[in-house]
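# Here is my input; please provide its structure:
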Amino acid sequence: MQKKGYYTDFTQGEDSEKIEFDFSTNISMLGKMNLVKKTVERCIIDEHFFSNLLPVIFDYHIIMYFSAVDLTDIEEAEINGIDKMCDFVRNTNIAEIIRENMDDGVLDELVKAVDADVEFKTGIHPNPLNEVLSRLLETFEKKIENIDVETLMESATKVAGIKEQLTPTGLINAYNDSEVFNKKFKDLEEHNREINKIVGEIKSKDEK
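Down below sits the predicted model:
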């Protein structure tokens, strides 16, 4: 369905006027494929994935494929093209208007498709933190015997401040830095000292 909307150019300040534009509430499957493809490609530069760009670049391509807004100057920019895209999205409310008027399920379909393509191209899982943690804990339960899952879950709060990627190794490192692990490590050290003491006493008796 075609609609008319009125967006604001916030760079004009108090003098900003409502600008009329045409947009669609849905697009063809080919259009969706190109939207997903270009969104992900523009967030991967020199084999690096810039997740901070993804939300803005996604909105930029919503404007490109769902509306008749002229983006020629931005597309043909030879310098700072990405900056121009981001500035345009942030300084207008076009993407917001289009998203609010999309047919049911369209936005969710596009978000899932972009996440899937990001994972396909980078190996980075786009699922939320709690789902990732849940799956990692399931892996620990299956592969590590006698693990204290409740304690590990309490330690997982430290993951929020972890600087490395959210991987099994990263989660284990966060657990190793926790007070719970340090206490268990100290208990183990104490246990080893007791064993060494007993072994030393046995050796002394044997030598006599």
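# Break this protein down into its domains, please.
Residue ranges of the domains in the chain are recorded as 2-122, 129-207, according to automatic domain parsing.
# start to end distance for the first one?
The reference is to domain 2-122. The stretch domain 2-122 measures 36 Å between its terminal residues, going by Cα to Cα, to the nearest Å.
# Do I have it right that residue 74 meets residue 80?
No. Between residue 74 and residue 80 there is no contact, the gap being 10.0 Å when judged by Cβ atoms under 8 Å. Just so you know, the C-beta spots here come from the backbone N, C-alpha and C atoms, and that holds for glycine as well.
# So which of those two has more stuff around it?
Residue environment comparison for residue 74 versus residue 80 gives the larger neighbour count to residue 74, 19 against 11, counting by other Cβ atoms under 10 Å.
# pLDDT wise, what is that one at?
With respect to pLDDT, residue 74 has a value of 94.
# Quickly note the distance from it to residue 82.
In this view, residue 74 and residue 82 are 10 Å apart by Cβ to Cβ, to the nearest Å.
# One more: residue 123?
As for residue 123, its distance to residue 82 is 23 Å (criterion: Cβ to Cβ).
# neighbour-wise, which of these two wins?
Neighbour totals were compared for residue 123 and residue 82, and residue 82 leads with 17 against 8 (other Cβ under 10 Å).
# tell me the SS of the nearest residue to residue 95 once chain neighbours are set aside?
Closest residue to residue 95 in three dimensions, ignoring its sequence neighbours and counting by Cβ to Cβ, 6 or more residues apart in numbering: residue 59, at 3.6 Å. Each residue gets one of three states, and residue 59 gets helix by DSSP: H, G, I helix; E, B strand; the rest coil.
# Quick check: residue 59 touching residue 90?
No. Contact status for residue 59 versus residue 90: not in contact, 9.0 Å apart, counting by Cβ under 8 Å.
# shared neighbours, the two?
Both residue 59 and residue 90 lack any common contacting residue under the criterion Cβ atoms under 8 Å, 6 or more residues apart in numbering.
# The two - which one has more neighbours?
Applying other Cβ under 10 Å to residue 59 and residue 90 shows that residue 59 carries more neighbours, namely 22 against 13.
# what's near enough to touch the more buried one?
By Cβ under 8 Å, 6+ apart, the contact list for residue 59 reads 89, 95, 99.
# Done for today, thanks.
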